[in-house]
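J.: next comes the sequence, and after it the predicted model I'd like to discuss.
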Amino acid sequence: MIRDSQLFQPFNDEPISLIGETGAWEGPFDLDLDPAALRGMYHDLVVGRLMDERLSRLQRQGKVSFVAPSAGHEGAQVGLAHALERGRDWLFPYYRDTSLLLAFGLPQVEMLAQAMATRADPNRGRQMPSHNGSKDLNIFTIASPIASHVAPAVGAAISMKVQGTGQVAVASFGEGATSEGDFHAALNFAGAQGAPVVFFCENNRYAISVDYNHQTGADSIAAKAHAYGMPGYTVDGMDVLASYYVMREVIERVRNGLGPVLVETLVYRFGPHSSADDDSRYRPREEVEAWKRRDPLLRFRRFLEKQGLWDDAAEAHLRAEVEASLQAATAEAEAAGPIPVEWMFDDVFAQRLPHLEEQRHDLLD
Amino acid sequence: MIRDSQLFQPFNDEPISLIGETGAWEGPFDLDLDPAALRGMYHDLVVGRLMDERLSRLQRQGKVSFVAPSAGHEGAQVGLAHALERGRDWLFPYYRDTSLLLAFGLPQVEMLAQAMATRADPNRGRQMPSHNGSKDLNIFTIASPIASHVAPAVGAAISMKVQGTGQVAVASFGEGATSEGDFHAALNFAGAQGAPVVFFCENNRYAISVDYNHQTGADSIAAKAHAYGMPGYTVDGMDVLASYYVMREVIERVRNGLGPVLVETLVYRFGPHSSADDDSRYRPREEVEAWKRRDPLLRFRRFLEKQGLWDDAAEAHLRAEVEASLQAATAEAEAAGPIPVEWMFDDVFAQRLPHLEEQRHDLLD
Amino acid sequence: MTVQTMVQTIARTLDQEMARDERVVVLGQDVGKRGGVFLATEKLFDTYGPDRVIDSPLSEAAIIGAALGMAVHGLRPVAEIQFSDYVFPGFDQLVSQVAKLRYRSGGQFEAPLVVRMPAGGGVKGGHHHSQSPEAHFVHTAGLKVVYPSTPSDTRGLLRTAIRDDDPVVFMEPKRLYRAVKEDVPDDPEFALPYAQAAVRREGDDVVLISYGASMAETLKAGDALAEQGVSAHVLDLRSLMPWDTTAVLEAVARIGRVVLVSEAPRTGGFVSEIAATIAEEALDQLLAPPVRVTGFDTPYPYAQDREYLPGPNRILKAVKRVLEY
Amino acid sequence: MTVQTMVQTIARTLDQEMARDERVVVLGQDVGKRGGVFLATEKLFDTYGPDRVIDSPLSEAAIIGAALGMAVHGLRPVAEIQFSDYVFPGFDQLVSQVAKLRYRSGGQFEAPLVVRMPAGGGVKGGHHHSQSPEAHFVHTAGLKVVYPSTPSDTRGLLRTAIRDDDPVVFMEPKRLYRAVKEDVPDDPEFALPYAQAAVRREGDDVVLISYGASMAETLKAGDALAEQGVSAHVLDLRSLMPWDTTAVLEAVARIGRVVLVSEAPRTGGFVSEIAATIAEEALDQLLAPPVRVTGFDTPYPYAQDREYLPGPNRILKAVKRVLEY
Ligand SMILES: Cc1ncc(C[n+]2csc(CCOP(=O)(O)OP(=O)(O)O)c2C)c(N)n1
Ligand SMILES: Cc1ncc(C[n+]2csc(CCOP(=O)(O)OP(=O)(O)O)c2C)c(N)n1
Ligand SMILES: [Mg+2]
Ligand SMILES: [Mg+2]
C-alpha cells in the first residue's frame, strides 16, 4: 500500500509506531525512503548519542558546567529534523534537543563551543550549556524558562502566515512544559489564528522528579489539543520512522494552511534530569532499565539490519567517523579560546547606552 | 422518570436545556422542586435584573463610577447559586456575577455600598464597582485581572480536600478568561490533584469586542476539559433550571471526591461590556435583539405560568417588593457615608508598618 | 500641524508608520473593530485589515510572546496591553524572553517591538486600572522605557520606538489621553530622541522633575509657585531608560534644590533611582535633600483615587521643605 | 544548637513548623520525593506525606495562586519557586492577587503564606538561574521581603515568616546554601524580627550595607579593609520590607561615609532606595556621596559569572572613593 496523505488519525489511543521492537517494519504503507536517507537518520541518531556522551564527559572533566542529557529522546528528535526543511523552516527548541539541533544542521563545533563558552559560540557565551541557537539556521536561541519559547514560535508562525512564506515553525518542549500558562496562551492563540506551527512534545513522563500523574490529569498530552481546536497525535518516540512519517504528514498539512497541530512523542530520558540531578531519588531502577531496552538507536539498527542496510562493520565505521568528527569539533571549539570579560556589556541593546559604557569602563579600569 | 444521579453526559454536542422557549418543561426526568423553590429562583432572577438596572441608573446619575451589566446572565448564575450550599461552599466569582452574588446571599446593601464606595462596604471602598466579596459568606473578593482568581479557587479546593471538609469551591468567569495562562495553570493543577472545584464559564461569546472565534479555535469551552482529564458540560445558560440541575449533579459529584468539572453556560450580555463601552462598534443590533428574545427571565416566567405558579398580579407584586427592598438598601448604603481618606493606609499589612504610618501622617497633616 | 489629543495622536502615528512600513503590525485585545478600549487604534482595522491589526485572545503572555516571534521573523509589532496593570500575566515574556533575546543570542536575534500600555491613576479605576509599573521595566536590563506627557512628545517618541531595533515599553498616561489638545507636527518623519528631558518651565529656585502622568500635577505646582514668586525649573524626563542624567545633574548643580515627583509607590520607585544618582553625582551641589513626592506604599485605592496621587499641594509642601532647608 | 548549612536549616525549620502546626503545608516543583532540587525540603515528604508536601505541576502561577487559596481557606502554605528567576510566570498571582487581597477585601481576607526562592548568582547558571529580583517585590505594596545571609538568620526569619499573617517573599542566597556551617539554635520557638539589621562588624571609618547573597563579598571587603587599617561598620539588612532605616541612618549619621552593595542590576535596584533615603534623611551627615556597588545593567551573563558580581575589589574601590572624597 502506498502512503496516502491522511494516513494518521489524531487522538489515537495507541501510540503510532512503525517499527516493531525486533526491528520489523510494521507500517501500514510502503516505505518510501531510500537507503541513503535511512542511513542518514541512523547517522544522526548516533551523532546525537555520542555528542551527549561527550558533553557528559566534558562535564565530569570540569570543562562544561552543566549538561541536560538527551539519550532516549533521539528517535523523536531525529524524525522531526528530517521532516523539516532546513534553512526554511524555524525551530524553537528546548534544552534537551541535542539530536534535533545537530540533525537540523547545527555545527558540532557550535554546540561544543556553547557548552564550553568559547569564542566559537555564536551566542557569545551568554548562557549555560544546552542553550544553543543560530540565526543562520532559523534556530531560536534556547532560554531556560520552561515553555517561554512557545508563544514566540506562534508569533513567528503568524508572521509566516501574514507574509505567505509557506514556512513552518516548530516548538519543542517536555511534557512538564505543557503545565505552564504560557504554553496554553500560545497554543490558544495559534488555534484562533490558524497559524502554521507544530507543537512537538517530548513526553518522557518526568519533569525533573515530578511524574506524569502529578503533572496533569489529562489522559495524554495529545488530548490537550482539544482545547485549541487542533488535532493531537501520540507517537512512539523511540521509533525514529514513526516520528519522521507523522511529522512529515503533519508538517505538510500545516504548510498547506490547515492550522496548527500538537504532536506528543513518548520517549524516556535514560540519564538524570541534568548533571546536577540524582534521579535515583525518584525513579525506580527497573523502570529505567526497561526503557533502555527500548533504545531508539537499537531499534533502528535492528531495522536497518533487517533491511540489509547495516552490519557490525558499518557500525564500527560510523562510530569511529563520528567520534573523530566530534573530537575535531571539540578541539576547534576549545582552540577558539575563552570569552573575553568585556563582551559582558555588548548586546544588551543594539548600541551600548551611556550607562553601560560607564559600567564597562568602571569594571575594566 | 425520576432523575438519577448520572443523568447528564459530558462533552455533549447540544447544550443541555430543560425548559423550551415557550416555557414547556422538556426535561427527561420529573421536576423535584416544590413551588416555593421555583418561585424563589424567579425571585432571584428578578432581583438580579432589577439590581442591574439600578446600578446602571446610579451610574448615569454619577453616584456610581462604573458598571458591568449582567442582564442576560441571570439564568446561569441563579441556577448555580441554588445548587450550592450557602455558608458552606465557596465562591470565587468575577465582576459580572451580580445575580450569583445576591442569590448566594450577598446583602443588597453591601453590593450597593461597594458600588457607591460607602462605609457599608465590608471591602472598605478599595475597588471599583462590581468587585464585591464577603468573608462571612465565603465569597472571595473579586479582582479585576481576568482569570487571576481561578488558581486561588483551586488552592482553596485542595485545602478542602486535604482537610476533608466536604466543601466545594466554584470559580466563575467569562469565556475570554479561558485564554489566560493562569486559567490553564489552575485547571491543570486541579485535575492533577482531583480537587473539589467547579469551573463555571459564562460564555457570552464576547470578551469586550473580541468574539469567540478570535478568542479560541476550540469547538466549545467545555472541550477544554479534555486537557485536564475532567468532564466538560455545555449548558443553555438562558435556562435557569438547566443550570440548576446540571450544577446540582456536578456539585454532588465534586463533593463526593470525584474530581473537578468544567461547566460552560451559553449566555449573552444584553448590554455593553461596561458603562465605558460602546458595543455598537462590534455587535450587530439584530444579534442583540435575537438574544433578548431568549431572555432567561421571560422563559422562566412562561414556565411558571404554565405550571400555574405565576400570573401578572404575582409579577407586579414581586417587582414592587424587590424595588422597595432595593430602594431601602440604596438609602441605607448611601446613609453610611463616604469612605474616610485615612482608610487608605489600612489593610496593606496586618499591622501598619512604620513607613506607612509616616506616609499617613504626611498626608493627613 | 494638526490639533489632536494624545490618544488621537497615537492612532495617527500608528497609521503613518503602518502606511510607511508594511512590516508594522498592531496586536492586542480589542485593537480591531473596537479600535482599542481607549480608541488608540481607531480605524486601523478598516485601513489595514485583520492581517495587520490582530485582535488577540485574552492573554498578555500570548500578546507579548507572539510579538517577539513576529519581530524575530521580520515584522515590527506594536502590541497593546489594555492597562499597564495587566502586563503582569505577560511579564515573564517581557523580562525573560523579550528583554534578553539579543543578549542571550549574542546579538544574532533582535526584538524590534513596542509594547504600548496606558498607565497611571486618577480615573477611578481602583488598583487594577491605575498602577504605574515603570520601575519594574527600568530595572530589567534590555528594555527601553518611554513615558511621554504631551501629544507631540507621544508622536515623536512613539515613532522612534517603532523604528528602534530594541524592544521598547511605551507607557501612556491615560488620564492625559484627552486632557489637552495640541498642535502636533504631522510630518511623517517627525521623531524625538530618547534621554532628552524637556524643560517645561525655566527657573532658578528649585528643580522639579517628573514624567508621564504626574507631569500635569507637577506643572500645576510650577504655576502655583510662580504665583508665590518662586521660580521652578521643571523637567519632563520623557524617557526613563535611557534617561537624561545630564539635564538632571546640570539643573541640580545649578540650583541645588530638587523635588522628584512620581505617582508610583514610593519604595523602590523610579525617582528613588534619580535621587540616588543625584546623591552620588552631585552631593556637593545640593543645598537641600532631594525630596521625593510619590504615590503611597499601598495598593492603588479606589475611594481615595485623587488623594493617592502626588497633587500640587503635596508637591508644594516638599518645595517648601527644600527651600527652607 | 546544631551545626548546619543554610539549606539544611531550611528543611529543619520547615519540619519544626510542620510538626507544630498542622496547617503548615509545603508545595512546589520537586518538593516531594526529590526533596527539592537543592534539598531544602528533604525528608518532609516521608514525614508528612502527599497531603502536606505537594508536588505541583510545572507552573509558578499555579503554585502561588493555589498557595493563596490554601491560605484563604485556613492553611499556612510555604511555596517553593525553584529559582527566583522563575517567579515571573507567577508574578501576576503575586502582585495582583497575593499582595492586594487584604487591601482589596477591606481586611476581610488575609494571605498568610510564604514564597521561598533561591536567588542570586555565582553558580554558573546564566541569566535564568542567577537573578536577584528583590526590587520587584519591595516595590509591590502588600508583600514583605526577607533575604537572610546566615543559617541562623534563615532559621529565625523563616519561622517568623511562616507565622506571619501577611504574605512574605523569602529569598535565599543559593550560593551560600552550603558555603558555611553554623551552630543554629534548635529551639522550636527561636524566631527573629524583621527590620533589625545585624551588625556583622563594628567600625568607625565607613559603613558597608548589604544583604543576602552579597553579604559574603561585603564581609570579605570588610576583612580586607581591616587589614589595611580601615574599620568598616558592616550592616546586614536581613529584611528588605520592612527594612531597618533606623540602623542605617544612625550608622550613616555617625560615620558619614557609606557604600551600598547588592548584586542586583544597578538601575532601580533596592540599594537605590537606600541611597535615596539616606540622601533625603541624612544629607547633612554625609561626608561623601553614598556609593552603590551593584550588578551591571546587563542580563546576568554566563561566561562572566564572577565578574558580574560586585566582589571585594569593586567594593574596595568604592570605599576608597568615599574615604578619599
Ligand atoms: C519557568 C520555569 N520553572 C521551573 C524551571 C526549572 N526546571 C528546569 S527543567 C524542569 C523540568 C522540565 O520538565 P519537562 O518539561 O518535562 O522537560 P524534560 O526535562 O523532562 O525534558 C524544571 C522544573 C524552569 N526552567 N523554568
Ligand atoms: C489580565 C487582564 N487583561 C485584560 C483585562 C481587561 N478586560 C476586562 S474585562 C475583559 C473581557 C473579559 O471577557 P470575558 O472573560 O469573556 O467576560 P465577560 O466580560 O464577557 O463576561 C477584558 C479584556 C483585564 N481585566 N485583565
Ligand atoms: Mg519531561
Ligand atoms: Mg465573554
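T.: Yes, it's here. Keep in mind that what you see is a predicted model, and the values were worked out from it rather than measured. Ligands and ions are numbered 1, 2, ... in the order given.

J.: how about the helices in the stretch 1-150 of chain A?
T.: In the stretch 1-150 of chain A, the helices defined using DSSP state H, counting those that start in this stretch lie at A:35-60, A:74-83, A:98-103, A:108-116, A:150-163.

J.: quick one: average pLDDT of the longest one?
T.: On average, the pLDDT along helix A:35-60 is 98.

J.: can you name every helix or strand that that helix contacts?
T.: In terms of contacts (3 or more CB pairs under 8 Å, 6 or more residues apart in numbering or on different chains; DSSP states H and E), helix A:35-60 is packed against helix A:74-83, helix A:98-103, helix A:108-116, helix A:240-255, helix A:296-306, helix A:312-335. (Glycine included, C-beta is placed from N, CA and C.)

J.: equivalent analysis for the last one, please.
T.: In this structure, helix A:150-163 makes packing contacts with strand A:90-92, strand A:169-174, helix A:181-193, strand A:197-203, helix C:60-72, judged by 3+ CB pairs under 8 Å, 6+ apart.

J.: check the offset of it from the chain's centre.
T.: How far helix A:150-163 lies from its chain's middle: 19 Å, per CA atoms, centre = their mean, to the nearest Å.

J.: and the angle for it with helix C:60-72?
T.: 50 degrees (axes from the mean of the first three to the mean of the last three CA atoms, to 10 degrees).

J.: what's the mean pLDDT across helix A:150-163?
T.: Mean predicted confidence for helix A:150-163 is 98.

J.: and what of stretch A:221-234?
T.: 98.

J.: and it, how far from the chain's centre?
T.: Taking mean C-alpha positions (CA atoms, centre = their mean), stretch A:221-234 and its chain are 20 Å apart.

J.: now do the same end-to-end measure for that stretch.
T.: 8 Å (CA to CA, to the nearest Å).

J.: same question for stretch C:33-51.
T.: First-to-last distance for stretch C:33-51 - CA to CA - comes to 13 Å.

J.: and stretch C:192-212, which residues are buried?
T.: Using 16 or more other CB atoms under 10 Å in any protein chain shown as the burial criterion, the residues of stretch C:192-212 that qualify are C:192, C:194-195, C:197-198, C:200-201, C:203, C:205-212.

J.: show me the contacts for the residue nearest the centre of chain A.
T.: Nearest to the mean C-alpha position of chain A, by CA atoms, centre = their mean, lies residue A:97 at 3.1 Å. Residues in contact with residue A:97 (CB atoms under 8 Å, 6 or more residues apart in numbering or on different chains) are A:70, A:73, A:77, A:142, A:172.

J.: for residue C:178, see how far away residue A:207 is.
T.: Separation of residue A:207 from residue C:178 (CB to CB, to the nearest Å): 49 Å.

J.: higher neighbour count, the two?
T.: Taking neighbours as other CB atoms under 10 Å in any protein chain shown, residue A:207 and residue C:178 compare with residue A:207 leading, 23 against 13.

J.: surely the more buried one and residue A:180 touch.
T.: No - taking contacts as CB atoms under 8 Å, residue A:207 lies outside contact range of residue A:180: 10.3 Å.

J.: can you list residues touching both of the two?
T.: Counting by CB under 8 Å, 6+ apart, the residues touching both residue A:207 and residue A:180 are residue D:58.

J.: closest residue of the stretch 151-300 of chain A to ligand 3?
T.: Nearest residue of the stretch 151-300 of chain A to ligand 3, counting by CB to the ion: residue A:174, 3.5 Å away.

J.: can you get me a residue count around that residue?
T.: Residue A:174: 26 surrounding residues under other CB under 10 Å.

J.: what's across from the nearest residue to it once chain neighbours are set aside in the sheet?
T.: Among residues not flanking residue A:174 along the chain, residue A:202 sits closest, at 5.6 Å (CB to CB, 6 or more residues apart in numbering or on different chains). With DSSP bridges applied, residue A:202 shows beta-bridge pairing to residue A:174, residue A:265.

J.: correct me if wrong: residue A:202 contacts residue A:75.
T.: No - counting by CB under 8 Å, residue A:202 stays clear of residue A:75, with 10.1 Å between them.

J.: now residue C:165, what's its secondary structure?
T.: Under DSSP: H, G, I helix; E, B strand; the rest coil, residue C:165 falls in the coil class.

J.: around it, how many other residues sit close by?
T.: Neighbours of residue C:165 using other CB under 10 Å come to 14.

J.: before we move on, the earlier item: neighbour count: residue A:202 and residue A:75, which is higher?
T.: residue A:75 (32 against 29).

J.: which residues touch that one?
T.: A:45, A:237-240, A:242-243, A:265, A:267, A:296-297, A:299-300.

J.: in a strand, residue A:220, correct?
T.: No - going by three-state DSSP, the assignment for residue A:220 is coil, not a strand.

J.: contact partners for the nearest residue to residue C:268 once chain neighbours are set aside?
T.: Nearest non-adjacent residue to residue C:268, counting by CB to CB, 6+ apart: residue D:139, 3.5 Å away. Residues near residue D:139 by CB under 8 Å, 6+ apart: C:135-136, C:264-265, C:267-269.

J.: a markdown table please, covering the residues you listed and showing distance to residue B:17, pLDDT and neighbour count.
T.: Rendered in a markdown table, the data for the contacts of residue D:139 read as follows (distance: CB to CB, whole Å; pLDDT from 0 to 100; neighbours: other CB atoms under 10 Å in any protein chain shown):
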| residue | distance to residue B:17 | pLDDT | neighbour count |
| --- | --- | --- | --- |
| C:135 | 52 | 98 | 29 |
| C:136 | 48 | 98 | 29 |
| C:264 | 51 | 98 | 27 |
| C:265 | 50 | 98 | 24 |
| C:267 | 55 | 98 | 25 |
| C:268 | 54 | 98 | 27 |
| C:269 | 54 | 98 | 27 |
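
J.: phi, psi of the closest residue to residue C:25 other than its chain neighbours?
T.: Beyond its immediate neighbours in the sequence, the residue positioned closest to residue C:25 (CB to CB, 6+ apart) is residue C:52, lying 4.7 Å away. Note on residue C:52: backbone dihedrals following degrees, to the nearest 10 are phi -110, psi -10.
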